[in-house]
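*Asks:* Just the structure for this:
(2 chains, ligands or ions: 4)
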Amino acid sequence: MSIARDLDIILAHGPELSASGIDYYKLGLWAAGLPKTRILALNPALPREELARRLRAFLYHGPKHRVLLAALEPQRRALNIIRLLLDEIGINPEFLGVLDLQEALGYLDPKTCSLKAETLIRMAAIMLTRAEPIATQELTVPSRVLVYGDSFAAIKSAVDLADQEYSVLLGFPGPTLHPLVPGVALTQALGEELRQLAAQAQAHPAIRLLPQARILAVEGSAGNFQVRLKTPEEVLEEQVGAMILAPELELRPGDAIGAPASHPRVLTQTRLEEILAAPEEAGDLLGTGDAPLQVAFLGPDSHPLALRRALETAKKFLSRDNCQVLLFIRDAKVGAPGLEADLEEAASSGLIVVKLPGLPALSLENDRPRLRFFDPVMHQEESLACDLLVLAEVYGPGAANAGLIGILNLWPSPPGFLQGDNVRNLPVITNRRGIYVAGPARAAMELDQALAEADAAVSEVHQLLGRGRATAPQGRAVIDRGRCVLCLTCQRLCPHGAVSWDNRAIINELACQGCGICASQCPNEAIQIRNFTDDQVAAAMENLDPRLTPKIIAFLCQNSAWEAYLAAVKMHQAVLPPGFTPLRMPCAGKIDIDYLLKAFTHGADAVLVLGCHPDNCRSQQGNAHALFRVERAQVMLEEAGVDPRRLVFRTLAANAPQDFLAAVRHLADLLEGLKAA
Amino acid sequence: MEDYNKFSAVILGGGIAGITAALELARLGHDVALVEKTPFFGGRAAQLCCKATDACQKCGACLVEGRLTALFQEPRISLYAQTELLESSRTNGFFQLRLKQQPRVINPERCVDCGLCQDECPAAAQGAIITTGVTRNHPRYAVNPAACLFFLDGSCRVCQQICPPTARAIDLDQQEEIIDLEAGAVIVATGYRPADPACRPHYGYGRHPQVISGAELEERLRYGQGLAGSDEEIPRRVAFIQCVGSRDKEHAYCSQVCCAYTLRLARLLKHRQPEAEITTFYMDLQNIGRDAPRFQREALREIKVVRALPGDLRATADGSLRLRYLQEESAAAVEADFDLVVLSVGIGPGPDNAALASLLQAELTPAGFFQAASREQPSQTSRPGLFLAGTASGPRDIAGCITQALATARQASQYVKEL
Ligand SMILES: Cc1cc2nc3c(=O)[nH]c(=O)nc-3n(C[C@H](O)[C@H](O)[C@H](O)COP(=O)(O)OP(=O)(O)OC[C@H]3O[C@@H](n4cnc5c(N)ncnc54)[C@H](O)[C@@H]3O)c2cc1C
Ligand code: SF4
Ligand code: SF4
Ligand code: SF4
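*Replies:* Ligands and ions are numbered 1, 2, ... in the order given. Below you'll find the model as predicted:
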């Protein structure tokens, strides 16, 4: 039986369905004729009280029933009904199916429109009557958080969390807290607010400082991490609910000159700042005042922060008489607030900016560093003796990051930082729930952005841990302990580090993101993702309407393809082949190779698998798993005598309905061609 | 003040920054109002194209979709479209805002988004009925009283008559509404205006159809109209010219997004049409993406970059466009011909900034953006309770808007709790 249980269908009709060529009265009659269903036609424009009255009268079974709401644009037009059902009548969200009939409206022939609307309703009914509620569970979790690093982002995170009644471990590599203000001279005194922030962290009763701490190992997952930390005195075992990582940036020599020449007149930016802060120790390095001084800054072009820092120091020389200051860069990295104006101002007070495709060659002559380069403006070889040559430094990732990536099971990332550059992680998320990254943990950035990220990370922690009472779904991803043979395929494949084991594999539902990658790869079919079960997919595929052709079954990742599909059917003049059947997947990684093969045995003419673009998968590799399975299935299809071109894999983005339509068109054309041949 | 609708915060501007701030405030338990001037939510980022080639290029444009879906489902957020600020005052620390909502001619409960009204409107070309490609909006059509003939002189009622009799969604006699809101905090997220591509007249924007702006290219690609804007032959030689409306006397700032979108778009074009030859003229290439050196290395394998801004542009006899520039290596003037020239427009201050600033007693920067309290506090203004998010206060990319809007929301939440 295709409709497995009792179902209440609400056809939110208004006048619009008839306006688009569907006779809602007939559609209602048809739906009423389905087994085990009851139907209510309801105009969503009625006043709220009236809607509530009619809904209550109709849904006398109470919230246990499954309810399918079919409408045009239901999320906008029938929003009142949805809210009444969820908030006042208390239907479990998993028991409420919301179906947009839009896809049925594009056909010229009203008969096809009706058939299609019926199919959409039937498919939704099949899925929904096999749905199970997902409960929420409240978990007691430690309201203790590990903040690691001594950047201002780390300090701010620690203080904010402590203010919100979390107990905070603040671990950092050095003997004292030593945060950096990026883009500013290391010697510059801190502003009042930052000083206060650092003082608060030192004195807060809810913050335990762990100087010279190193993270040795981390076990467990969100809500329950066991962290082993090494300090000079001891090795600590601590249980924390979550962590925020914000290790400070490190200054490294830039690539300006192969080997830094060791010569008193060749300085790093840092050394120069130290000298300027204590000029009495500088000897005659900074000139005697009357004699002209030639200063060259070499290569602060890795990042706007480097340029900002060089300009700050350059200004000090520009304000002196008799001082010529040059700035050698490949590109002026002015892509930061105020920097273009700063550079212009420096130039107008005498800074000579020399932009070169590569940086000049350095030699030492007569105890002076000498630069040789081809001047693009004068168009000639130049040679320049300097009194001071300042080598730029690069703001790079903390040296300990590389080790942390492995210990924490994080995805590889732009060189040396702790977060992959998948945009779905923005701003502070990692592949592991409960581990957040802020500021310098993810990139070199301005202080204000780093502090904003600390805000965002604290929000995430609070959302997850709720001061010790976390809410997680219950029963969304479940392992059948009777089937599990502890092969730990799931544990290896889970991109979110949510699987652990005792004598069977266990999913931590607070850490699990429901992608289903484990479920489709488990060799014993021991894992089901509730409401994306194998059962539901099979039932849907068994019930394709033979009158609607060509039969194209599409497995759509809900994070990209499903959104693009919804957008596409709303676009002007977009009409899908009548037999197009979309199946929503939690992630392309959930698409089992079985689904692909079964689709053909159930009579599909073609199968379309659509996932996110590489590097854009929320679960990082779901799309790669899908591609791999499609390729395997293609080989098997070919062996079975089915043209493998009938199985198509494409990637697209949520905002690219055109790409969705192009993929469908490609398949439709292919089927035309195959039919003709 | 009985008849004021009360909110924790009112957010002006329904772009990615405003939406993110609204969702975050709702998540923190606040009731908020989101006020959008146009009939549609999503702002500029919702109109950008996906720039993925073989892999995602991390432009961030697709991040808007999920947030829009969430926006329309969030019960704590009240949406006011086609609404603008008229007056603002403050008593006991609370803002009283008076807003004007344009007549809501098309009834969302009845409209089926069939588009007949726009097809038949005699003044559609003047913008009397506008529509959006951001399909999460509904209705996706709106009557614009500033151009509609009925509102101008009462001479037309075509749309009302053409709207299918079963829908009858159009009522031209709807009146504009005055709405009074009270809020603890106000967040300005009114965004930006792309720089005017004609601000460098020597590039001939408006005179040559093959000279288009970056924003137009984004749109063409998003809506799949093809590069030429029609079915004509696909342009093979494409030039991008950087820093149009940035880094000059009137715009003394770097727009921060144009180098990035240019190189991403260029790679996308190259991916779609491997035979295309693409040249980018620039002053300085800004860092793109989180692994900038690698991105740059890869991009430069596919795209030619020239450090020079062309001095002039002329049409040649065969219809191509000739650019003249100073070659860096030889310091000689050289010429090159192109089929399409894209002007990489930057981020300019929003058109309403001056008016809004005076209504809200906020300050503007010399460039015309909203002035933040300090560089360390980009979400705050000198006026407690008045906050900023997104490009209203200066150039930012989508990721930057999201981060800042999250921080703004948290700070506004804190502020309101202490009121
Ligand atoms: C050609 C181009 C390409 C780009 N490509 C990229 C890219 O690939 N990646 C990237 O990260 N960024 C890109 N950007 C930048 C990106 O567009 C912005 O970062 C982002 O859209 C800014 O969002 P926002 O919310 O601040 O402003 P907006 O998107 O401008 O939204 C502001 C909203 O406020 C509304 N509004 C205006 N005035 C008022 C008022 N008075 N009252 C009420 N509402 C009002 C507007 O109608 C609008 O809906 C690009 C920019 C350009 C110009
Ligand atoms: S569903 Fe995804 S996140 Fe959850 S345990 Fe399986 S693989 Fe991990
Ligand atoms: S290129 Fe941009 S729009 Fe496309 S998937 Fe990547 S981030 Fe999203
Ligand atoms: S991002 Fe590039 S094109 Fe845009 S203003 Fe800055 S330097 Fe110019």
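
*Asks:* and residue B:256, that one's in a helix?
*Replies:* No: with DSSP: H, G, I helix; E, B strand; the rest coil as the criterion, residue B:256 is assigned coil and is not in a helix.

*Asks:* Hmm, it is touching residue B:347, no?
*Replies:* Yes: counting by Cβ atoms under 8 Å, residue B:256 touches residue B:347, with 7.4 Å between them. Every C-beta, even on glycine, is put in place using the N, C-alpha and C of the backbone.

*Asks:* Need the residues touching each of the two.
*Replies:* Residues touching both residue B:256 and residue B:347 (Cβ atoms under 8 Å, 6 or more residues apart in numbering or on different chains) are B:395-396.

*Asks:* Leaving out chain neighbours, which residue sits closest to whatever residue of the stretch 501-650 of chain A ends up closest to ligand 4?
*Replies:* In the stretch 501-650 of chain A, the residue that lies nearest ligand 4 is residue A:615 (22.7 Å; Cβ to the nearest ligand atom). When the adjacent residues along the chain are set aside, residue A:615 lies closest to residue B:56, with 4.3 Å between them (Cβ to Cβ, 6 or more residues apart in numbering or on different chains).

*Asks:* so who does the one you found touch?
*Replies:* So residue B:56 contacts A:422-423, A:612-616, A:653 (Cβ under 8 Å, 6+ apart).

*Asks:* give me the number of residues near the residue in the stretch 551-677 of chain A that ligand 1 sits nearest to?
*Replies:* Nearest residue of the stretch 551-677 of chain A to ligand 1: residue A:655, at 10.9 Å (Cβ to the nearest ligand atom). By other Cβ atoms under 10 Å in any protein chain shown, 28 other residues sit near residue A:655.

*Asks:* need the helices for the stretch 201-350 of chain B, in chain order.
*Replies:* Counting by DSSP state H, counting those that start in this stretch, one finds helices in the stretch 201-350 of chain B at the ranges B:214-222, B:258-272, B:292-302.

*Asks:* Check the stretch 351-500 of chain A too.
*Replies:* A:401-408, A:447-465, A:489-493.

*Asks:* Which positions in chain A make contact with ligand 4?
*Replies:* residue A:335 (Cβ under 6 Å from any ligand atom).

*Asks:* and residue A:49, what are its phi and psi?
*Replies:* phi -60, psi -40 (degrees, to the nearest 10).

*Asks:* what do you get for the one 3 residues further on?
*Replies:* As for residue A:52, its main-chain torsions (degrees, to the nearest 10) stand at phi -60, psi -40.

*Asks:* Just give the closest residue to it, not the sequence neighbours.
*Replies:* Using Cβ to Cβ, 6+ apart, the closest residue to residue A:52 is residue A:84 (5.4 Å).

*Asks:* hmm, back to that, any chance of the helices of the stretch 351-500 of chain A in TSV, with mean pLDDT and distance to residue A:312 too?
*Replies:* Listed next are those as TSV, based on pLDDT from 0 to 100; distance: least, Cβ to Cβ, whole Å:
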stretch	mean pLDDT	distance to residue A:312
helix A:401-408	95	27
helix A:447-465	96	14
helix A:489-493	96	49
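
*Asks:* which of the ones you listed sits most buried?
*Replies:* Most buried of these by mean neighbour count (mean count of other Cβ atoms under 10 Å in any protein chain shown) is helix A:447-465; its value is a mean of 24.

*Asks:* Who are the packing partners of that one?
*Replies:* helix A:152-163, strand A:242-245, strand A:435-437, helix B:16-27, helix B:398-418 (3 or more Cβ pairs under 8 Å, 6 or more residues apart in numbering or on different chains; DSSP states H and E).

*Asks:* Parallel or antiparallel, which strands does the helix or strand just after the first one pair with?
*Replies:* The reference is to helix A:152-163. Counting by DSSP states H and E, the next helix or strand C-terminal to helix A:152-163 is strand A:167-171. Sheet pairing of strand A:167-171 (DSSP bridges) gives strand A:144-148 (parallel), strand A:207-210 (parallel).

*Asks:* got the CA positions of strand A:167-171 in PDB?
*Replies:* What follows is strand A:167-171, C-alpha atoms only, in PDB (Å, rounded to 0.1, in the frame of the first residue of the first chain):
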ATOM      1  CA  SER A 167      33.300  28.300  33.500                       C
ATOM      2  CA  VAL A 168      36.200  29.000  31.200                       C
ATOM      3  CA  LEU A 169      39.600  27.400  30.800                       C
ATOM      4  CA  LEU A 170      41.800  29.800  29.000                       C
ATOM      5  CA  GLY A 171      44.900  28.000  27.700                       C
END
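
*Asks:* what's it in contact with?
*Replies:* A:143-149, A:154-155, A:158, A:161-162, A:201, A:204, A:206-210, A:213, A:215, A:229, A:238, A:240.

*Asks:* Would you show me how to pick out the buried ones of those residues in ChimeraX?
*Replies:* Those of those that count as buried under 16 or more other Cβ atoms under 10 Å in any protein chain shown are selected in ChimeraX with:
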select /A:143,144,145,146,147,148,149,154,155,158,161,162,201,204,207,208,209,210,213,215,229,238,240
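
*Asks:* Tell me where the model's unsure across the chain.
*Replies:* No chain in the question, so chain A it is. A:1, A:15-17, A:19-20, A:61-63, A:256-261, A:289 (pLDDT under 70).

*Asks:* Can you look at chain B instead?
*Replies:* Low-confidence segments of chain B, defined by pLDDT under 70, span residues B:1-3, B:225-233.

*Asks:* what lines up beside the longest strand anywhere in it in the sheet?
*Replies:* The longest strand of chain B (DSSP state E) is strand B:177-188. Strands that pair with strand B:177-188, judged by DSSP bridges, come out as strand B:5-12 (parallel), strand B:94-101 (antiparallel), strand B:386-388 (parallel).

*Asks:* Tell me the residue of chain A that sits nearest ligand 3?
*Replies:* residue A:653 (3.6 Å).

*Asks:* and that residue, how many residues sit next to it?
*Replies:* 27.

*Asks:* wait, residue B:9 sits on residue B:412?
*Replies:* Yes: under the criterion of Cβ under 8 Å, residue B:9 makes contact with residue B:412 at 5.3 Å.

*Asks:* Looking at the two, which is more packed in?
*Replies:* Applying other Cβ under 10 Å to residue B:9 and residue B:412 shows that residue B:412 carries more neighbours, namely 30 against 26.

*Asks:* tell me, how many neighbours does the residue nearest to that one when sequence neighbours are not counted end up with?
*Replies:* Among residues not flanking residue B:412 along the chain, residue B:185 sits closest, at 4.4 Å (Cβ to Cβ, 6+ apart). Per other Cβ under 10 Å, the neighbour tally for residue B:185 reads 28.

*Asks:* So in terms of bridging, what pairs with residue B:185?
*Replies:* Here residue B:185, judged by DSSP bridges, has bridge partners residue B:9.

*Asks:* Now for the residue lying closest to residue B:368 once chain neighbours are set aside: which residues touch it?
*Replies:* Setting aside the residues directly before and after it, residue B:368 is nearest to residue B:349 in space (Cβ to Cβ, 6+ apart), at 3.4 Å. The neighbours of residue B:349, taking Cβ under 8 Å, 6+ apart as the test, are B:192-193, B:364, B:367-369.

*Asks:* Counting neighbours, which of these comes out on top?
*Replies:* residue B:192 (25 neighbours).

*Asks:* Roughly how far does the residue nearest the centre of chain B sit from ligand 4?
*Replies:* For chain B, the residue nearest the mean C-alpha position is residue B:44 (2.4 Å; Cα atoms, centre = their mean). Distance, residue B:44 to ligand 4, using Cβ to the nearest ligand atom, to the nearest Å: 15 Å.
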